[in-house]
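K.L.:
quick check, what structure comes out for this input:
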Amino acid sequence: MQDSPDQAEAHSLRGATDRPALLTIRDIVEEMEPLATAQFDDYLHPTVLEVTLDDGLCAADTARIDIQWTTRDDYKFHYTDTEGVDFRWGKHPHAGDYIHVPGLEHYHPPPDASSERDEVEESCISQSPEELVTRAVLKLWRVAYHRGSYTSLNKGRNPP
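P.N.:
As a prediction, the model looks like this:
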């Protein structure tokens with residue numbers, strides 16, 4: 001099924017990339033996560049902060065979290081690993097297509113970061129500032145890492 005231009009727009013991040021927010025996120029990642037190395041796709045005009053993880057969840061040898069943040073505080077934190085597992089947390093308009101998501105914050109579950117309207121969940125991350133969202137994502141990832149399971153990724157209570 002191909003999205004119409006209006007539908008594709010309703011599922012995209014609004015606003016320009018927020019470089020200062022990405023700098024803050026990078027600093028928090030480097031401070032909190034010893035398995036992570038963070039770098040921009042372009043230092044002066046970034047579109048994404050690429051976080052390489054020296055180990056992944058469950059059987060994955062390595063992983064990456066690609067982070068986008070805009071001047072309108074829309075975001076995506078997209079995890080992908082060597083086992084082909086993907087999931088992501090996001091905050092951006094979705095035209096009400098996700099039937100379990102009342103607001104903008106949502107979670108696309110593993111193993112394939114599904115965008116099926118009945119599979120996308122409301123995100124357990126309800127905070128808005130980039131500092132708190134980043135800390136929540138890292139905490140949820142770390143709990144899943146120690147448990148060796150994906151089940152806790154969207155189970156936090158008002159993280160971080």
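K.L.:
now Glu31. Its backbone dihedrals?
P.N.:
According to degrees, to the nearest 10, the main-chain angles of Glu31 amount to phi -70, psi -40.
K.L.:
quick check, pLDDT for it.
P.N.:
pLDDT recorded at Glu31 is 97.
K.L.:
against Thr134, how distant is it?
P.N.:
10 Å (Cβ to Cβ, to the nearest Å). Quick note: C-beta positions are derived from backbone N, CA and C, even for glycine.
K.L.:
out of the two, which sits in the more crowded spot?
P.N.:
Thr134 (29 against 12; other Cβ atoms under 10 Å).
K.L.:
list the buried residues in stretch 96-107.
P.N.:
Neighbour-count burial for stretch 96-107, counted by 16 or more other Cβ atoms under 10 Å, picks out Tyr98, Val101, Leu104, Glu105, His106, Tyr107.
K.L.:
hmm, Asp74 and Leu13 touching each other?
P.N.:
Yes: assessed by Cβ atoms under 8 Å, Leu13 is found in contact with Asp74 at 4.2 Å.
K.L.:
between the two, which contacts overlap?
P.N.:
Counting by Cβ atoms under 8 Å, 6 or more residues apart in numbering, the common neighbours of Leu13 and Asp74 are His92.
K.L.:
which residues does Thr82 contact?
P.N.:
Residues in contact with Thr82 (Cβ under 8 Å, 6+ apart) are Gly56, Ala60, Asp61, Thr62, Ala63.
K.L.:
state the pair within the residues you listed that is farthest apart.
P.N.:
Looking at the contacts of Thr82 by Cβ to Cβ, the two members farthest from one another are Asp61 and Ala63, with 8.4 Å of separation.
K.L.:
find residues that contact each of these two.
P.N.:
Shared contacts of Asp61 and Ala63 (Cβ under 8 Å, 6+ apart): Asp55, Asp81, Thr82.
K.L.:
and the pLDDT at the second one?
P.N.:
According to the per-residue confidence, Asp81 scores 98 in pLDDT.
K.L.:
can you count the residues close to it?
P.N.:
21.
K.L.:
so it sits right up against Asp66, yeah?
P.N.:
No: under the criterion of Cβ under 8 Å, Asp81 makes no contact with Asp66, lying 12.0 Å away.
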